[in-house]
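Visitor: I would like to see how this sequence folds:
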Amino acid sequence: MLETCQNAQERWGGVHQLIDRWLQERHELVSAFALLDGGPAGEVSNTPDLHRFCEILVDYVSAGHFEVYEQLTTEATSFGDQRGLELAKQIYPRIEAITEVALAFNDRCDQQDCGDSSSLSAELKRLGQLLHERFELEDCLIEVLHNAHRQKAAATA
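Guide: Residues are numbered from 1 along each chain as shown. A predicted model of the protein is given here:
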């Protein structure tokens with residue numbers, strides 16, 4: 001029984017730590033966004049804060065696609081969770097679309113083509129709305145593809 005518990009911890013504990021680290025990155029992303037959104041409308045410019053935000057943004061969306069989502073679907077597959085995998089198939093396209101917008105924003109800022117302050121402010125507002133939507137979708141995936149399996153793993157341990 002102890003060995004089963006250890007196997008479950010080794011197998012899924014890493015996923016839990018990966019999610020925790022990713023959610024910490026999300027917190028950093030939101031904090032960096034708040035620094036940009038803190039001034040009066042039209043005051044945002046191509047500042048070090050904007051560059052830092054873009055770095056965190058790219059790290060966050062990359063970790064989601066190349067680490068977290070992959071681990072979540074692997075976990076769901078291991079547990080034979082067809083319902084969870086079907087939900088992921090429905091949600092991923094929207095997350096990918098938001099990722100494309102985020103990466104395009106980063107690319108424009110990297111090329112010093114973020115536009116004037118007012119257009120940048122409007123673009124940041126839209127990006128903020130999309131990130132909020134993305135966070136809700138990601139939370140849904142974590143709930144369905146990880147938390148339910150964590151409970152199953154604990155029950156078999």
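Visitor: Return the residues in contact with Ile19.
Guide: By C-beta atoms under 8 Å, 6 or more residues apart in numbering, the contact set of Ile19 is 68, 142, 146. Placement of C-beta: from N, CA and C, glycine included.
Visitor: and the gap between it and Gly64?
Guide: Plainly put, Ile19 is 10 Å away from Gly64 if you go by C-beta to C-beta, to the nearest Å.
Visitor: just to revisit the earlier point, just among the contacts of Ile19, which is most surrounded?
Guide: Scoring these on neighbours with other C-beta atoms under 10 Å, the highest-scoring entry is Val68 at 23 neighbours.
Visitor: ok, it - contacts?
Guide: 18-19, 22, 138 are the contacts of Val68 under C-beta under 8 Å, 6+ apart.
Visitor: Looking at those, which are in helices?
Guide: 18-19, 22, 138 (DSSP state H).
Visitor: Now the buried members of these.
Guide: 18-19, 22, 138 (16 or more other C-beta atoms under 10 Å).
Visitor: List the buried residues of stretch 128-138.
Guide: Those buried within stretch 128-138 under the rule 16+ other C-beta under 10 Å are 130-131, 134, 138.
Visitor: again, but for stretch 100-118
Guide: 101-102, 105-106, 109, 114.
Visitor: In CSV, list those along with secondary structure and pLDDT.
Guide: Shown next, in CSV, are the buried residues of stretch 100-118 (DSSP: H, G, I helix; E, B strand; the rest coil; pLDDT from 0 to 100):
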residue, secondary structure, pLDDT
Val101, helix, 97
Ala102, helix, 97
Phe105, helix, 95
Asn106, helix, 95
Cys109, helix, 88
Cys114, coil, 73
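Visitor: Kindly reformat these as CSV and extend each row with distance to Asp81.
Guide: Shown next, in CSV, are the buried residues of stretch 100-118 (distance: C-beta to C-beta, whole Å):
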residue, distance to Asp81
Val101, 29
Ala102, 28
Phe105, 34
Asn106, 33
Cys109, 39
Cys114, 42
